[in-house]
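**Student:** Sequence plus the predicted model coming up.
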Amino acid sequence: MMPSIEVKDLKKSYPKRISLPFRRVEWVEALKGISFKVRKGELFGLLGPNGAGKTTTIKILTTLLEPSWGSAKVLGYDVVSQAREVRRRINLVAEGERTLYWRLSAYENLRYFASIYYVPKDEAEKRIRELLQLVGLWERRNDLVMGFSRGMKQRLAIAKALINDPEVLFLDEPTLGLDVQSALFVREFVERLVSEEGKTVLLTTHYMAEAEKLCDRIAIIDGGRIIALDTPENLKRLVSEGETVEIRVRNLRPEKVKEIDERLAVSEEDPTHGTLLLRGNLDEEDLPRVVERLIRAGAKVLSVERVEPTLEDVFIKLTGRALRD
Amino acid sequence: MAFLAVMEKEFRMFFRYPLRVVSSVLVGLVFLVQFVYFGQAVLGGRYSSILHASTGVGDYPTYALIGYVLWWVSVSPMEASVWGIRRELQRGTLESNVASPMGLLEMVVSLALSWMLMDSAIMAVVFLTGVIAFGVSLSWVALLKALPIVGLAFLAFLGSGLVFAGLVMVFKNIGPFAQIFEFLVLFISGVFFPLSTLPAWVVSLSKLIPLTHSASAVRKLLVGMSYLDVTGEVTWLLVLTPLYWLASYALFKWAERTARVMGYGGY
Ligand SMILES: Nc1ncnc2c1ncn2[C@@H]1O[C@H](COP(=O)(O)OP(=O)(O)O)[C@@H](O)[C@H]1O
Ligand SMILES: [Mg+2]
């Protein structure tokens, strides 16, 4: 069966300055050649730290940006040469909270987007009502978006993204900046879209737990490259050997961590208390030696804990760094 | 239709705040009154035979009112570009539009047209107020006769204003520059004082501005002259309009290509 999304050796460089004709510009390599396929009905995650290239990938796939190299197809249509065909069949929840018109009501926003997605009028009325009820905003439909909370805005953005009943849905960091309850709503909603309505979803996130819990498969992206791509279970197998530990220390500068042990990374920094939370996947029996070296380096070890490995540890293992918020 | 949707959206966002609409009308009136009294002070009265000789309209309030109202509407598509499109560019709503099957071109043109119609509504009020306040004599027949020329003028205004749509997509913050341009247009297109008072090279330059010809033609028609008296102006407009539309289109295509390489929005 034809994949819903097919990305081949995609590269993207941004010019650093406005490119007046004939003026030399520097290029920032945001994507350095990524490839992947997303199957129909799959919930696919792009997981990576800030600046990894997640938004760039989404923008290329949603026809907002042209790749510098390589090709991308959505539902069999080329995102550059057949952009209009792609646009009719997809939709997106873009990054940030300003993607809707704050000076229009929830209802007016959806009606506007229904029109520019060419949803027939009588069908639009019905769908807007359904969607607003689904995201719990029907009672607030006539209120201006301006007065909405961050969570309500995001729920409306999701309703907007479903207005044309898209076959493929793109979500760029859909839970970023949301309160716990709203984030939970978004996750469960997206999960249901895939399991109950058979939609294909590509979402980006830098929350490990979110990717791990939601996604059928995850591509870990860092510095414009995909460094691993598999199901969460298979990815975690990379760190199933040995033991994963969390060590809380005081009096240790973050730069020193790699000198103690290559496999450790700083997963949290607490400047107010001057403590670091180190994390790493060590071989059995290594732990005492690591602790000893920490003490010898002048650090005060506050606690040592064995933990269940997560995707965070996969990322640390692959990059040497923790994927921090 | 997507075009109607854009228009409905813009109208809603504007007319939602009655205070803003009222203040726009007031700003429009204050400017007008200032210019009319200033002009009359310089001329030493309401009627000027020099003005009549060079433009066909001798009554200064009539002369200024028509040109002023058209000027306001003529810069509207430009304002839609440098403020309206820019705002959406900054906030990310532009991308929400670009990602839709409507496409950016239709959205940009619709937005500029919407702003021009909103400004026309405001200027209709200012015009009527001006007609009453200054005792300008007008006939319905003359008004009707002027309508086709106003329509042609609107097309020209749109075409020339949309030049800025492409520019704003690439250079982002051109609002201040556009504002200077706006006032330049006001002073060299024969709106407040006749072209004959300007140096020859400025007059030549002013021929490239659609407002110059639109104001002249509409003024003549409103004081009762016939279409035959405005063939020069109409010819200019018929030549300039397609040229501006072509230039705007080329600039827009260039800007769109650039934006698809650099990214729309904040960077
Ligand atoms: N329009 C742009 N112009 C220049 N550089 C950009 C632009 N957009 C993104 N970048 C750069 O490209 C890299 C990848 O960015 P992005 O795709 O936004 O990453 P992510 O979404 O994973 O945080 C970053 O280094 C970022 O600074
Ligand atoms: Mg991003």
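**Tutor:** Perfect, thanks for sending it. Numbers count the residues shown, from 1 in each chain, chains lettered A, B, ... in the order given. Ligands and ions are numbered 1, 2, ... in the order given.

**Student:** And the residue of chain A found nearest chain B, how close does it get to residue A:80?
**Tutor:** Closest contact between chain A and chain B, by CB to the nearest CB, is at residue A:115 (3.3 Å). Placement of C-beta: from N, CA and C, glycine included. Distance of residue A:115 to residue A:80, given as CB to CB, to the nearest Å: 26 Å.

**Student:** Tell me which of those two has more neighbours.
**Tutor:** residue A:115 (22 against 16; other CB atoms under 10 Å in any protein chain shown).

**Student:** That one and residue B:8: what is the separation?
**Tutor:** According to CB to CB, residue A:115 and residue B:8 sit 8 Å apart.

**Student:** now residue A:216
**Tutor:** Counting by CB to CB, the gap from residue A:216 to residue B:8 is 41 Å.

**Student:** for residue A:16, same thing?
**Tutor:** Taking CB to CB, one finds residue A:16 at 40 Å from residue B:8.

**Student:** More neighbours: the two, which one.
**Tutor:** Shown here are residue A:16 and residue B:8; by other CB under 10 Å, residue B:8 has more neighbours (16 against 12).

**Student:** and the helix or strand harbouring that one, C-alpha only, in CSV?
**Tutor:** Assigned by DSSP states H and E, residue B:8 falls within helix B:2-15. Output of helix B:2-15 as CSV, limited to C-alpha atoms (Å, rounded to 0.1, in the frame of the first residue of the first chain):
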residue,chain,number,x,y,z
ALA,B,2,-12.9,32.2,-0.5
PHE,B,3,-12.9,35.8,-1.6
LEU,B,4,-16.1,36.6,0.2
ALA,B,5,-14.9,34.8,3.3
VAL,B,6,-11.8,37.0,3.5
MET,B,7,-13.9,40.0,3.0
GLU,B,8,-16.4,39.0,5.7
LYS,B,9,-13.5,38.3,8.1
GLU,B,10,-11.9,41.7,7.5
PHE,B,11,-15.2,43.6,7.8
ARG,B,12,-16.1,41.8,11.0
MET,B,13,-12.7,42.5,12.6
PHE,B,14,-13.0,46.2,11.6
PHE,B,15,-16.6,47.0,12.2
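
**Student:** Whichever helix or strand comes after that helix versus helix B:2-15: what angle between them?
**Tutor:** Sequence-wise, the next helix or strand downstream of helix B:2-15 (DSSP H and E) is helix B:18-43. In terms of direction (axes from the mean of the first three to the mean of the last three CA atoms, to 10 degrees), helix B:18-43 departs from helix B:2-15 by 80 degrees.

**Student:** next SSE after helix B:18-43?
**Tutor:** helix B:49-55.

**Student:** Please point out which parts of that next one sit buried.
**Tutor:** For helix B:49-55, a neighbour-count test (16 or more other CB atoms under 10 Å in any protein chain shown) marks B:51, B:54-55 as buried.

**Student:** Just send those back as JSON lines, with distance to ligand 1 and pLDDT too.
**Tutor:** Compiled in JSON lines, these are given as follows (distance: CB to the nearest ligand atom, whole Å; pLDDT from 0 to 100):
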{"residue": "B:51", "distance to ligand 1": "53", "pLDDT": "88"}
{"residue": "B:54", "distance to ligand 1": "53", "pLDDT": "87"}
{"residue": "B:55", "distance to ligand 1": "50", "pLDDT": "88"}
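
**Student:** and of these, the nearest to residue B:112?
**Tutor:** Ranked by distance to residue B:112 (CB to CB), the buried residues of helix B:49-55 are led by residue B:55 at 29.2 Å.
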